[in-house]
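Undergrad: Just a sequence and a predicted model for now, questions to come.
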Amino acid sequence: MHTPDSLLIYDLRSGYLANRFTPAEIMGQLMDRADLAEQRHIWITRLSRDQVMDYVRALQARAIEDLPLYGIPFVIKDNIDLAGVPTTAACPRFAYTPTRSATVVQRLLDAGAIPLGKTNLDQFATGLVGTRSPYGACRNSFNAEYIAGGSSSGSAVAVATGLASFSLGTDTAGSGRVPAAFNNLVGLKPSLGRLSTRGVVPACRSLDCVSIFAPTARDAAAVLGVAEGFDPEDPYARKVGNAAIPALRFGVPRRDQLEFFGDSEYARLFDASISRLESSGGIRVEIDFAPFLDAARLLYEGPWIAERYAAVGRFMEAHPDALFPVTAQIIAGGKIPSAVEAFEGEYRLKALERASEAAWSQVDFIVTPTAGTIHTIAAVDADPIRLNATLGYYTNFMNFFALAGVAVPAGFRSDGLPFGITLVGPEASDRALLALADTVHRQSAVTLGATNVRPSPSMAETPALAAGYIALAVCGAHMEGLPLNHQLRDRGGYFLQRTHTSPSYRLFALPGGPPHRPGLVRVPHGGAAIDIEIWALPTETLGSFVASIRSPLGIGKVELQNGAEVSGFICEGYGASEAADITAFGGWRAYVSEADRGP
C-alpha cells in the first residue's frame, strides 16, 4: 500500500479515489500506531479492531463521492456519546453505555467518518489542564513533562500525534482552544447552539458547546459543514447563520491588560503574531479588555459554578468518593450560591456584555493569546487550582458573550513548545474566522518555517516537530538521565518519546569507555525490538553533534516498530565483531542496570 502524505481530509480522500489505499488499511495502521501512544494517557476506551472494521465494512456499498468524510478517522471526547461504547466523563462510577450516538457524532458517522475511540479529559470537563483524570494525566504531544491542556486533552493529543484526522471536544471555558494551542492545532469553538449538544454530558449546560480539533482551518471547516445543523431535540440549539468579517480592524487588549504570567517567550511570540497581521494589511486597535476579563472571572468566582453542581451534584452526593479530589472540591462549591446571587450575577454579566460593545464598535475581530503560558504537569499537581485559573484568562468570557473563536498555531518557544493565538468574532462569524485563520496559519508557516504548521504528522513520522528541528533516535548513553544526554540538551534538544525499533536489530556493548557505548546493528534475521528514545535536535546544532560521534558509530536511518524511519545512531558491522551481544536485555538501560548490580 502507498502511505498517505498526511491524515488531512483531502489527502485521504485523494488516496481513496485513486485506489492507493483503503480505509481498512489506514485504520489498521492507526490502530497499530495507537499501541505506541498509551504512555501519553490519550485514551479512555479504544474501539476493538472488529468494532472499527464494522464501520469500514459499512462503507463498502457506499460511493466515496456521496460521503464527504468517507474513511476519515476521528476520535471523540469521552463526555460525548457513541452508541454501544461507554461514556465515562472520566469518572468510572458514572459510566453508562448509550444506545444512541450524540447528534453531532451521528452526523459524522452518516458522512462516512470512522471512530477509533473515546479520549481522556479533565473529569466532567472541569479544568483546562488535562491532569484531572483517574485515567492518568494526558501528556503534551511535544514534551511529555508538560500539560496537554484541558479539558479536551486526549482529543487534541490524538490529532497532534497523528492518530486521527480530527477530533471532537467540548468547550465551556476554553477546553476547545487551550489544548489546541498547547499541541499546535487549530481549535474551533463554534457559536453557541450551532452544533447540537444532545448526547453530551453537561458541564454548564447553558454555556456548553461541541468543539473541533484539526491540523488546519480548512479541515475544521470541512468537519463543521457536516456536524452543524439545528437539532430540535436540543433545547439550546440555535439556527445560526454566517456573518462576515467586513474588514481587518482587529482589537488587541491594552498592554497593561495583557498577562503572560512571567513567560517572556509567549509575550514575544504574541507581539510577532500581531506584527504579521499588520504586515498583511490588518489594522491594530487597542481596546479596553476589562469587560471581557471581568466576565471571565464570573465563570468560577460567580454563581455559574452552581450550574456545574446542577449537572452532576446528585451523583456526587450519592458517590462522594467517585470524583477526582480537585474536581469534587470545585463542583462542591456550586452548593453555596443562592438564587438571589444567581440573579445578581446575571445582572452583572449583562452590564459587562453591554460594556464590551464599545470594543466591537471599533473592531471587526479580536486577537488574544490563547493562553498566557504553559505549565508542567508537576507544577499543576502542586498548585492545581491557581495554575488552572491562569489558563482561562483569555478564554472564560467567550460563551458568556455568545462569541465564536478559532485557536491558531503561531510559533514555538525556544524549548520547542508551541504557542497559539485566538481569533474572536461575533456570533455566527465561525466560517469567516476559519477563513481568516487559514490565512494566518499559512502566513505563520512562511515566516517561521513550513514545519511549524505541518498539517498533520505523516503516517511515517514521529510526533510533530518544532520548526528547525530534526528527530533523532538514541539508544545508549545519550538517553535521558544517562551520561551523554547533556550533549543533546546543551544543543537545545528536547525529548519526544520512548519507543522501540522494528524487530530487525541486535544490540552490542562496544569495548572501551567510560562512557560505555552500545552499537545498534540491523540484521536480516534473528533481530529483536530494541528500546530507544526519540529526541528533537535543532538543525543548526546537528553538525557539531555528528562531528562528536566516534567510530564505529554514525548517524543513519533507524526503522521504528511502526515501520517509520528516523535518523539515529547506527553501528558499522566491524564494530560489533569484537563486542558483546546484549540483545537479550532489550535495551541499553536494562543492560546497564544489570551491570551495575554486578554478579
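TA: Good, I have the coordinates. Numbering: from 1, shown residues only.
Undergrad: Now do the contacts for the most centrally placed residue in the chain.
TA: Taking Cα atoms, centre = their mean, the centroid of the chain lies closest to A156, which sits 2.5 Å from it. Contact analysis of A156 by Cβ atoms under 8 Å, 6 or more residues apart in numbering lists 141, 148-149, 167, 169, 179-180, 182-183, 185, 187, 213. (Glycine included, C-beta is placed from N, CA and C.)
Undergrad: what do you get if the cut-off is 7 Å, keeping everything else the same?
TA: By Cβ atoms under 7 Å, 6 or more residues apart in numbering, the contact set of A156 is 148-149, 179-180, 183, 185, 213.
Undergrad: between the residues you listed, which has the most around it?
TA: P179 (40 neighbours; other Cβ atoms under 10 Å).
Undergrad: Quick check, pLDDT for that one.
TA: On pLDDT, P179 comes in at 98.
Undergrad: secondary structure element for it?
TA: helix 178-182 (DSSP states H and E).
Undergrad: Give me the distance between that helix and the centre of its chain.
TA: On the basis of Cα atoms, centre = their mean, to the nearest Å, helix 178-182 sits 6 Å off its chain's mean C-alpha point.
Undergrad: Tabulate the contacts of A156 (CSV), appending distance to G573.
TA: Output for these, formatted as CSV (distance: Cβ to Cβ, whole Å):
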residue, distance to G573
A148, 42
G149, 46
P179, 46
A180, 47
N183, 41
L185, 43
F213, 46
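Undergrad: returning to what we had before: report all helices and strands that the helix holding P179 contacts.
TA: Helix 178-182 sits against helix 153-160, strand 186-189, strand 418-425, with contacts defined as 3 or more Cβ pairs under 7 Å, 6 or more residues apart in numbering; DSSP states H and E.
Undergrad: Would you tell me which one of those is buried the most?
TA: Burial of these is given as mean neighbour count (mean count of other Cβ atoms under 10 Å); helix 153-160 ranks first at a mean of 34.
Undergrad: Need the contact partners of the helix holding P179.
TA: With Cβ under 7 Å, 6+ apart as the criterion, helix 178-182 contacts 128, 130, 140, 147-150, 152-153, 156, 169, 186-187, 213, 370-371, 374, 391, 395, 407, 418-420.
Undergrad: tell me the contacts of D430?
TA: 188, 190-191, 194, 224, 404.
Undergrad: Chain neighbours aside, what residue packs nearest to it?
TA: Nearest residue to D430, sequence neighbours excluded (Cβ to Cβ, 6 or more residues apart in numbering): A404, at 4.6 Å.
Undergrad: ok, that neighbour - how many residues close by?
TA: 27.
Undergrad: Then G568?
TA: Neighbour tally, G568, other Cβ under 10 Å: 22.
Undergrad: ok, what's across the strand from it?
TA: Note on G568: beta-bridge partners A473, G556, judged by DSSP bridges.
Undergrad: Could I get the pLDDT score of it?
TA: On pLDDT, G568 comes in at 92.
Undergrad: Show the contacting residues for it.
TA: 472-474, 555, 558.
Undergrad: A102 and I80, how far apart?
TA: 5 Å (Cβ to Cβ, to the nearest Å).
Undergrad: can you list residues touching both of the two?
TA: With Cβ under 7 Å, 6+ apart, A102 and I80 have common neighbours 199-200.
Undergrad: Distance-wise, check the residue nearest to D430 relative to G150.
TA: 21 Å.
Undergrad: Kindly report the same for Y16.
TA: Y16 sits 34 Å away from G150, going by Cβ to Cβ.
Undergrad: cool, A34 as well?
TA: According to Cβ to Cβ, A34 stands 21 Å off from G150.
Undergrad: Comparing these two, which shows the higher neighbour count?
TA: A direct count of neighbours by other Cβ under 10 Å for A34 and G150 places G150 higher, at 34 against 21.
Undergrad: Next up, the contacts around the spatially closest residue to G71 that is not a sequence neighbour.
TA: Leaving out its chain neighbours, the residue that sits closest to G71 by Cβ to Cβ, 6+ apart is P23, at 3.5 Å. Counting by Cβ under 7 Å, 6+ apart, P23 makes contact with 56, 59, 71, 114.
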